[in-house]
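K.L.:
got a predicted model here, sequence first, then my questions.
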Amino acid sequence: MDNSSRSKSRRAFVAGLSSAGALAALGALPRALAARVGGTASLGLAELPDGTLAEQVLYALPGKVPLIKKTYRPPNFETPVEYFRTPITPNKAFFVRWHLAGIPQISARDWVLSIGGDAAEREVKFTLAQLKREFKPAQVTAVNQCSGNRRGLFEPHVPGVEWGVGAMGNAVWRGVRLNDVLAKAGVKAGALEVVLNGADHAPLDKTPDFVKSLPLDVALRDEVLIAFEMNGEPLPHWNGFPARLVVPGWTGTYWVKQLSTVNVTSQPEKNFWMSTAYRLPRGKFKTPTFASQLYAPNEPITTMVVNSLVTSLKSGDQVARGKPIEVKGIAFDGGAGIDRVEISTDFGASWTRARLGRDLGRYSFREFSLSVPARERGSIVVMARATSSSGEAQVGELIHNPAGYHHNVIQRIYVEVV
């Protein structure tokens, strides 16, 4: 069997297991690396469609290491698996996700945040310097994950950005509490949602502005931040400088970048990004509902589901007989925290608990590790299953939905013992 046939065969094998169970506006485009991501098995993405694999390149945005290019305009770039081998994702390797191609360069001195809305008692504005000076600082370690992470692994495939496993990252976010800022404006009785808008814009007027809303009770949680620092440094431009919203436990669609306006409203927000996009069939997942947005047969996506990722192995790895297979990775969920991660090498007939790493908080990645003996030559399928402290566990078979959200199928990695 030649290398091409072997690659296709391995990809089909892994896919079978899975199914069973605005750059030009900012100046010259950065230079793409010459080499394509060879087969992308090295990035753990063998289950992606062949067409997606063929289009992927490693591409270095200004200030970033080479990331996996999904689209140039708007810029959408995925973090390679190697950067998840530590619990905190470096800023330079953090994934990039924008919905609109017009991303302005905003100076810290010129940025202003406006607070208002029909359910606010008054309109107020703050500069970045005022936020830092007038409010108590707060920070949280939390996973930011695109709602469509792992969409490319769906079988059958669904439309949308064909993300692999890297549309996520974990960081220490520092800023001020949204509830403290809202208190300065005052929240009226009858307030229902908090509506959020950023400075990004579409090149065409007909494209809907990217506007999101949160239930008032979620927006008022102490851990929800207006963040201007990420891992001890100012937010990178590509990740929302000068300030962005951080909503721990909720998917990244609510983490509005380049935050410009916050409105407290007495009515549900019904723009495209709330009424049409980022919605799921009702009752499909055991995640919190967004009560004021239940006016359709579907409902908005809210929190993340429990998941894990093996970072020490990739499908097709060869391991010497007699040496242990080191299974290491990360696990996370929507905020209950990780209770355990279990490993199986016999297609789930038995499971062994992995050792969990340091607890950095219930919204953070949690590392896990386990040494598995490789006593006999042949094929092994390594499986990893995370369970949260609320009892939610990864699923054995894909819960299909039209938009390709919440892929948390138990990971299966094909390994050869030689």
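P.N.:
Arrived safely. Worth saying up front: this structure is predicted, and the values here are computed from it rather than measured.

K.L.:
Thr276: how many residues sit nearby?
P.N.:
Neighbours of Thr276 under the rule other Cβ atoms under 10 Å: 12. C-beta here means a position set from N, CA and C on the backbone, and glycine is covered the same way.

K.L.:
tell me the pLDDT of it.
P.N.:
Note on Thr276: pLDDT of 96.

K.L.:
from Ala403, how far off is it?
P.N.:
10 Å (Cβ to Cβ, to the nearest Å).

K.L.:
same question for Leu225.
P.N.:
Taken as Cβ to Cβ, the span from Leu225 to Ala403 is 27 Å.

K.L.:
more crowded one of these two?
P.N.:
Leu225 (29 against 19).

K.L.:
please report how far the more buried one lies from Trp255.
P.N.:
Distance of Leu225 to Trp255, computed by Cβ to Cβ: 10 Å.

K.L.:
any residues in contact with both of those two?
P.N.:
Applying Cβ atoms under 8 Å, 6 or more residues apart in numbering, one finds that Leu225 and Trp255 are jointly contacted by Leu245, Val246.

K.L.:
ok, the closest residue to Asn170 other than its chain neighbours - contacts?
P.N.:
Excluding the flanking residues, the one nearest Asn170 by Cβ to Cβ, 6 or more residues apart in numbering is Phe365, at 4.2 Å. Counting by Cβ under 8 Å, 6+ apart, Phe365 makes contact with Phe84, Pro87, Ile88, Val143, Asn170, Ile330, Ala331, Phe332.

K.L.:
recalculate using a threshold of 10 Å.
P.N.:
84, 86-89, 141-143, 168-171, 308-309, 329-332, 338, 357 (Cβ atoms under 10 Å, 6 or more residues apart in numbering).

K.L.:
cool, Gly361 as well?
P.N.:
Counting by Cβ under 10 Å, 6+ apart, Gly361 makes contact with Val140, Thr141, Ala142, Asn170, Val172, Glu223, Pro248, Gly335, Gly337.

K.L.:
where does the prediction get shaky in this structure?
P.N.:
1-47 (pLDDT under 70).

K.L.:
domain ranges for it?
P.N.:
As recorded under automatic domain parsing, the domains making up the chain are 3-82, 112-300, 307-417.

K.L.:
which among these is found nearest to Ala101?
P.N.:
When the domains of the chain are compared by Cβ to Cβ, domain 3-82 sits nearest Ala101, at 3.4 Å.

K.L.:
find the residue at the geometric middle of this protein.
P.N.:
By Cα atoms, centre = their mean, the chain has its centre lying nearest to Gln145, at 1.2 Å.

K.L.:
show me the beta-bridge partners of it.
P.N.:
Taking DSSP bridges as the rule, Gln145 bridges to Met168.

K.L.:
the closest residue to Pro66 other than its chain neighbours: neighbour count?
P.N.:
Closest residue to Pro66 apart from its sequence neighbours, by Cβ to Cβ, 6+ apart: Leu58 at 3.8 Å. Look at Leu58: counted by other Cβ under 10 Å, it has 18 neighbours.

K.L.:
helix/strand/coil for Leu58?
P.N.:
Here Leu58 is recorded as strand under DSSP: H, G, I helix; E, B strand; the rest coil.

K.L.:
residues in contact with Thr253?
P.N.:
Counted by Cβ under 10 Å, 6+ apart, Thr253 has contacts 97, 99, 145-148, 210, 212, 247, 273-274, 277-278, 300-302, 405.

K.L.:
swap the cut-off to 7 Å and go again
P.N.:
Contact analysis of Thr253 by Cβ atoms under 7 Å, 6 or more residues apart in numbering lists Ser147, Lys212, Tyr278, Ile301.

K.L.:
surely it is in a strand?
P.N.:
No - per three-state DSSP, Thr253 lies outside any strand segment and is helix.

K.L.:
strands along the stretch 51-200 of the chain, start to end?
P.N.:
Under the criterion DSSP state E, counting those that start in this stretch, the stretch 51-200 of the chain carries strands at the ranges 57-59, 67-71, 76-78, 96-97, 112-116, 124-127, 137-145, 168-177, 193-198.

K.L.:
tell me the most buried of those strands?
P.N.:
Of these, the one with the most neighbours on average (mean count of other Cβ atoms under 10 Å) is strand 96-97, at a mean of 26.

K.L.:
so in that sheet, which strands flank it, and in what orientation?
P.N.:
By DSSP bridges, strand 96-97 pairs with strand 76-78 (antiparallel).

K.L.:
was I right to think Pro242 contacts Asp110?
P.N.:
No - in this structure, Pro242 is not within contact of Asp110 by Cβ atoms under 7 Å, at 8.8 Å.

K.L.:
what number of residues lie near His201?
P.N.:
A count of nearby residues for His201, using other Cβ under 10 Å, gives 16.

K.L.:
my read: it touches Ile103, true?
P.N.:
No - contact criterion Cβ under 7 Å: His201 and Ile103 do not qualify, at 8.4 Å.

K.L.:
please enumerate the shared neighbours of those two.
P.N.:
If you check His201 and Ile103 against Cβ under 7 Å, 6+ apart, no residue is contacted by both.

K.L.:
how close does Pro234 sit to Leu370?
P.N.:
For Pro234 relative to Leu370 (Cβ to Cβ), the value is 38 Å.

K.L.:
cool, and Thr52?
P.N.:
31 Å.

K.L.:
tell me which of these two has more neighbours.
P.N.:
Leu370 (20 against 17).

K.L.:
is that one within a helix or a strand, and which one?
P.N.:
Element membership for Leu370, per DSSP states H and E: strand 366-372.

K.L.:
and that strand, what other elements does it pack with?
P.N.:
Contacts defined by 3 or more Cβ pairs under 7 Å, 6 or more residues apart in numbering; DSSP states H and E place strand 366-372 against strand 325-332, strand 338-344, strand 355-356.

K.L.:
one more time with 10 Å, if that's ok
P.N.:
If you count contacts as 3 or more Cβ pairs under 10 Å, 6 or more residues apart in numbering; DSSP states H and E, strand 366-372 packs onto strand 307-310, strand 325-332, strand 338-344, strand 352-353, strand 355-356, strand 378-388.
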